[in-house]
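1. Quick one, fold the following:
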Amino acid sequence: MSKNITIIDKEYKEWIKDLSLRYRHSQIKAAVKVNTEKLLFNWQLGRDIVEMHVEERWGEKVITQLSKDLQQALPGIEGLSRTNIYYCKNFYLLYNQDNKIIQQVVGQLENKSNTSASEIVHQVEGQFEANAIVQQVIGLFQIPWGHHCTIIDKVKGDRHKALFFVHKTIEEGWSRAVLETWITSNLYEREGKAVTNFQSTLPEPMSDLANEITKDPYNFAFAGITGDYNEKLLKDALLKNITEFLIELGTGFAYVGKEYRLQIGTKEKFIDLLFFHIPLNCYVVIEVKIGEFDSPDVGQLGTYVVACNHLLKLPHHNPTIGLLVCKSKDNLLAQYALEGSSQPIGISEFELEKLYPTKVEGMIPTLEELEDKLKG
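-> The predicted structure is shown next:
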């Protein structure tokens, strides 16, 4: 009768650990490759339907027959329904649109099936300056097909909007349900739309990244406010729903405090809401105004930003930025006020209606991430 033996040799244990990691990595690579091949087949099927003028040659009902014939020729294979074949056609129509970068990427995938997506990025980006667009295009063959179907249904033929959500899905790790909710919440139209002076007050690339974390307007529907309210009631409602508030602010925001006290000389000042942004490695001062924006608001917020730089910012932190969120604003007045400020500030509006997404795993920084950044 055989008995289990216990090997306590350190090298043996490290070998087992290494084998386990290698196996998991091989599983991930296999899953990614299978998904890429499936998406490439769907692209080619859509391309054939369009370029061969299939419906014009054999009639409108040919897609139904094509579905039956493919299922008979490929028994047990998923994704050959009539509906899915139409998705393949629309997949090709949405992203092709005479886009040379997309055509180049697809060509690389077709000709070099063993080449990884990252390698294809390097091959293609050398021929095109628009690196961000190349990354988005590569993403077409990295997200699940179900996500593509959702995007096709919701963006109504807008390729730029579609690529935006492809990129965000990869960056944020969204599920299909969360993706659909963000599309419905008009994230594409809102992200990076605040009036700011970041380009003139922050170094590159921080200025671009800072602009990307803003939205206009912010959606505070989760606060549940339907009647009369004041600033205290609104801020209390935002923090009562802190998870939803952090998600609406965006990935990387970590909550530090409400009515955060600053001792400036002989005066006590209180910041409405103080956050730390992990990717930007900086404090973010948020002031909430329930009325219309006016130019003195920038001076007050600018003072808080400077105070944070002196009292809270550590040497390894980037400069503090300010964000004023108000009920309404005149964009021209906001721009003039920001031109007169030397501090990086953004101005946005907020709404108390519309849908908001459920919690997304990984969007809210962990306590360890925040402590690492604050302590350096």
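
2. Show me where the stretch 101-250 of the chain has its helices.
-> Here the stretch 101-250 of the chain has its helices, by DSSP state H, counting those that start in this stretch, at 117-125, 131-139, 145-155, 159-172, 176-184, 187-190, 198-201, 206-212, 231-240, 242-249.

3. Using a markdown table, please lay out those together with mean pLDDT, mean neighbour count and distance to C282.
-> Just so you know, the C-beta spots here come from the backbone N, C-alpha and C atoms, and that holds for glycine as well. Rendered in a markdown table, the data for the helices of the stretch 101-250 of the chain read as follows (pLDDT from 0 to 100; neighbours: other C-beta atoms under 10 Å; distance: least, C-beta to C-beta, whole Å):
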| stretch | mean pLDDT | mean neighbour count | distance to C282 |
| --- | --- | --- | --- |
| helix 117-125 | 58 | 15 | 29 |
| helix 131-139 | 66 | 19 | 22 |
| helix 145-155 | 94 | 18 | 32 |
| helix 159-172 | 90 | 19 | 20 |
| helix 176-184 | 91 | 18 | 25 |
| helix 187-190 | 94 | 17 | 22 |
| helix 198-201 | 96 | 16 | 12 |
| helix 206-212 | 93 | 17 | 8 |
| helix 231-240 | 91 | 16 | 21 |
| helix 242-249 | 92 | 20 | 14 |
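
4. mind putting the ones you listed in a markdown table, distance to N35 included?
-> A markdown table is the format used below for those (distance: least, C-beta to C-beta, whole Å):
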| stretch | distance to N35 |
| --- | --- |
| helix 117-125 | 11 |
| helix 131-139 | 12 |
| helix 145-155 | 8 |
| helix 159-172 | 12 |
| helix 176-184 | 14 |
| helix 187-190 | 24 |
| helix 198-201 | 37 |
| helix 206-212 | 27 |
| helix 231-240 | 38 |
| helix 242-249 | 27 |
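
5. Surely I286 is in a helix?
-> No - per DSSP: H, G, I helix; E, B strand; the rest coil, I286 lies outside any helix segment and is strand.

6. Let me see the contact set for it.
-> Contact analysis of I286 by C-beta atoms under 8 Å, 6 or more residues apart in numbering lists I271, D272, L273, L274, F275, G322, L323, L324, V325.

7. Give me the subset of these that lies in strands.
-> Applying DSSP state E to the contacts of I286, the entries found in strands are I271, D272, L273, L274, F275, G322, L323, L324, V325.

8. Could you pull up phi and psi at G299?
-> When quoted as degrees, to the nearest 10, the phi and psi of G299 stand at phi -60, psi -40.

9. I figured I49 was touching E55, is that so?
-> Yes - counting by C-beta atoms under 8 Å, I49 touches E55, with 7.2 Å between them.

10. which one of the two has more residues nearby?
-> A count of neighbours by other C-beta atoms under 10 Å puts I49 above the other of I49 and E55, at 21 against 15.

11. ok, now how distant is I85 from V166?
-> In this view, I85 and V166 are 21 Å apart by C-beta to C-beta, to the nearest Å.

12. wait, I meant F270
-> Where V166 is concerned, F270 sits at a distance of 42 Å (C-beta to C-beta).

13. State the distance from A194 to T214.
-> 4 Å.

14. overlap in contacts of the two?
-> Joint contacts of A194 and T214 (C-beta under 8 Å, 6+ apart) are L323, G346, S348.

15. need the contact list for the last one.
-> For S348, the contacting residues are 193-195, 214-218, 323-326, 329, by C-beta under 8 Å, 6+ apart.

16. Please apply the same query to the first one.
-> The neighbours of L323, taking C-beta under 8 Å, 6+ apart as the test, are A194, T214, V284, V285, I286, E287, I345, G346, I347, S348.

17. And for N331, nearest residue in space, chain neighbours not counted?
-> V195 (5.7 Å; C-beta to C-beta, 6 or more residues apart in numbering).

18. Who does the one you found form a beta bridge with?
-> Beta bridges link V195 to I347, judged by DSSP bridges.

19. shouldn't it be in contact with Y336?
-> No - using C-beta under 8 Å, V195 is not in contact with Y336, being 10.1 Å away.

20. For those two, indicate the residue with more neighbours.
-> Per other C-beta under 10 Å, whichever of V195 and Y336 has more neighbours is V195, with 22 against 12.

21. give me every residue that touches that one.
-> D216, K329, N331, A334, Q335, L338, G346, I347, S348.
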